[in-house]
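S.K.: Here is my input; please provide its structure:
(chains A and B)
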Amino acid sequence: MAKQTKKAPARRKSTTSRAKSAAKAKDPVGMSVVPDTLSFSQEFDTYPAGKYTHEELGLNEDQVIAMYRNMLLQRRFEERAAQMYGKQKIAGFLHLYIGQEAISTGTATAMKIGTDSLITAYRDHGHALALGMSANEGMAEMFGKIGGCSKGKGGSMHFFDKENRMFGGHGIVGAHVPVGVGMAFAHKYKEDGGAAIAFYGDGAAGQGAIHEAANLMSIYELPAILVVENNQYAMGTAVHRAFGQTEFSHWAASYGVRGAVADGMDVFSVIKAMQDALAEARDNKPTMMEIRTYRYRGHSMSDPQKYRTKEELDAKKNEDPILRLKAYLLDRNVTDEKTLDAIDEDVKEEVMASVEFAENSPAPDLDTIYDDVYDSRDYPYLA
Amino acid sequence: MAVLQFREALRAAMTEEMERDERVFLMGEEVAEYNGAYKVSEGMLEKFGPKRIIDTPISENGFCGLGVGAAMSGLRPIIEFMTFNFSFVAIDQIINNAAKIRYMSGGQFDVPIVFRGANGAAGQLAATHNTSTESIYSTIPGLKVIAPSNPDDAKGLLKSAIRDNNPVIFLESEVMFGMKGEVSDAEDYIIPIGKARIAREGTDVTIVAHSKSYHIAMRVAERLEENGYSAEVIDPRTIRPLDIDTIVDSIKKTNRCVIIDESNPYASISSEITFQIQDRAFDFLDAPIKRITAKDVPAPYAKNLIEYYMPQEEDAYQACLSVMYAK
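M.R.: Residues are numbered from 1 along each chain as shown, chains lettered A, B, ... in the order given. From the prediction side, this is the model:
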């Protein structure tokens, strides 16, 4: 079990009293407000890979097999998307989620879908599929067709699914994280029992928006979870080249919130971390979480990946979260190889069908360019 | 009719809308315990409590983003900027998120949010604290932009803005907060967004002016009348959507137009209005359109320089004579 974090307010109090007593002892006038020494300690909840089983997390075998299927759906969807990008069926920027599927599926498994809310950056396909968006809607969006989730107005970076409370897919690095805190604000304001999770990449951690968002969720005591998906590289900039403090969970201490670290290669680590964070959030205690993962493909489709070695990539591929879950299922006799192969075939068919759906879905009518700029029921002034 | 200060009219609008709709809340720097940096929200904390009147740290990007997320979740935030000069650190939230999320989501998410606060020049504050933001925000599809010139319009339009399902930029002014004016005490007083007001009817020249510049226009119209000329003064009130029909109808009558606009001139509201007039009423114009704006420089500090920087009443008066070929 994870260690419980000490309560933030109590910690602040003890620092203050320490400061006062130090000042009394050393400053003859008794005016110094600076202690002789200052340190803080905060224990961070950690969720190592290989530590949790589905039974301990309250999951039955059908659920775990469904998780496997969902992770595989994301993988095959992305592989097919890359192929369709090569065929120029998909344009613009395309950022693949391959290697990070345990995070989306693990999070969705822990969430109350339809009650809790999620927002993420532009590497958004995995989260959308995990929350229940159909492959059809996703693929058609990337094809720029009217059958897409955003009617062809958003593309790869802007998957939105209001029904499943997926608040997007956002293209400006870090800018959606304050929005995620606002979603949490609304949950608390409406007292609807929901919590909001905002994902961002390690690159986004350099944005000031993250600092402001973390501070706001702390002072307003919001049901919020900020999660940095640390895939080690912001485009080509390795984490250690971009941050003085690369232990992202430690940032939590600076905002007076709970910090946690999960292993993004083990879906059960993610589920447990999210279950705990959601439970805290529902008690209006926010969390800053790091999930350590690895992106197997380039940043986007135009990335030659000169910033990392093939050996590094190969080593990481041995930690593949889908292979890991497959081994778990077989080792524990949850299911057999034949069943898993059948799932793969089924998923491939679903993805191929989504390509066909996207091909056959019409391009938006030119007239639709004016739709959805405004709620225009009272707005006759737009051309 | 009750006589209210501009700030009191704004407060009345927010108070009525908050009483009417539980989803409306006010958030910003010093809005609660300090009672508002310019006392617009005075007493509202006491009336509505800290759940709905919310102080923020100095984090415009953060709390504007928070407002957008809350609006997407079905609440109706009013976000106060101490002044719109500080909106620039949050402009990403306004332009990329508030204005575009409805479109990018294919209409799935509404963003019913009001960003309001003081806009434009307010004296010897130098360049960073004197920006007119109308043209910056009104160039963005997805935003509505309102800039009232008097307490009555301020109340009626702010109530409309709060009820609107779209993000609205609501521009006030430090130097107008204390201005008094008659405000309708009609129950639920609403002025529709996108309707100009003909403040003064006339036949010889049309003067278009919003916000503070409207008051220059009215003084110029008085002087013209004293000298035998009849000016029609139009306050657009809403910058986007612009009620161009009312302006064009006036020009068809007067055949002449002068625009007074406190913004810097380049690519400004006056530029846009001028384009739309020539597009719609070219054959009705008897003279080139003239505009009087702030000087095309950052706002200076020195008293004589900032006074000179602002649109000049005398220049506007002379421009009116000029388009009437009266001098």
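S.K.: does the residue in the stretch 201-350 of chain A that chain B sits nearest to sit in a helix or strand, and which one?
M.R.: Closest approach between the stretch 201-350 of chain A and chain B, counting by C-beta to the nearest C-beta: A:Glu212, at 2.8 Å. For the C-beta atoms, the positions are set from N, CA and C on the backbone; glycine is no exception. Using DSSP states H and E, A:Glu212 falls within helix A:208-219.
S.K.: packing partners for that helix?
M.R.: When contacts are defined as 3 or more C-beta pairs under 8 Å, 6 or more residues apart in numbering or on different chains; DSSP states H and E, helix A:208-219 sits against helix A:176-190, strand A:224-230, helix A:251-255, helix B:60-72.
S.K.: Just the helices from chain B, written as ranges.
M.R.: Using DSSP state H, the helices of chain B run over B:6-20, B:44-48, B:60-72, B:91-92, B:101-104, B:134-138, B:151-163, B:211-226, B:244-254, B:269-281, B:303-309, B:313-323.
S.K.: Residues touching the second one, excluding its own?
M.R.: Counting by C-beta atoms under 8 Å, 6 or more residues apart in numbering or on different chains, the neighbours of helix B:44-48 from elsewhere in the structure are B:11, B:14-15, B:18, B:26, B:31-33, B:35-36, B:53.
S.K.: how does it look with 6 Å?
M.R.: With contact meaning C-beta atoms under 6 Å, 6 or more residues apart in numbering or on different chains, helix B:44-48 is reached by B:18, B:32, B:53.
S.K.: same question, the longest one
M.R.: Surrounding helix B:211-226, the residues in contact under the criterion C-beta under 6 Å, 6+ apart are B:147, B:149, B:173, B:200, B:207, B:209, B:231, B:233, B:235, B:260, B:262, B:311, B:313, B:316-317, B:320.
S.K.: Where does the residue nearest in space to the middle of chain A sit: helix, strand or coil?
M.R.: With distances taken as C-alpha atoms, centre = their mean, A:Phe199 lies nearest the centre of chain A, 3.6 Å away. Secondary structure assignment for A:Phe199 (DSSP: H, G, I helix; E, B strand; the rest coil): strand.
S.K.: and it, what are its bridge partners?
M.R.: When assigned by DSSP bridges, A:Phe199 has beta-bridge partners A:Val227.
S.K.: picking up where we left off before, okay, the helices of chain B, which one's buried deepest?
M.R.: Mean neighbour count (mean count of other C-beta atoms under 10 Å in any protein chain shown) peaks for helix B:60-72 among those, with a mean of 30.
S.K.: I'd like the average pLDDT over it.
M.R.: What helix B:60-72 shows for mean pLDDT is 98.
S.K.: quick one, that helix and helix A:176-190 angle?
M.R.: Interaxial angle, helix B:60-72 versus helix A:176-190 (axes from the mean of the first three to the mean of the last three C-alpha atoms, to 10 degrees): 50 degrees.
S.K.: rewinding a little: is it true that the residue of the stretch 201-350 of chain A closest to chain B touches B:Pro57?
M.R.: No. The pair A:Glu212 / B:Pro57 is not scored as a contact, 8.0 Å apart, by C-beta atoms under 6 Å.
S.K.: Pick out whichever of these two has more residues nearby.
M.R.: A:Glu212 (27 against 12; other C-beta atoms under 10 Å in any protein chain shown).
S.K.: Nothing else from me, thank you.
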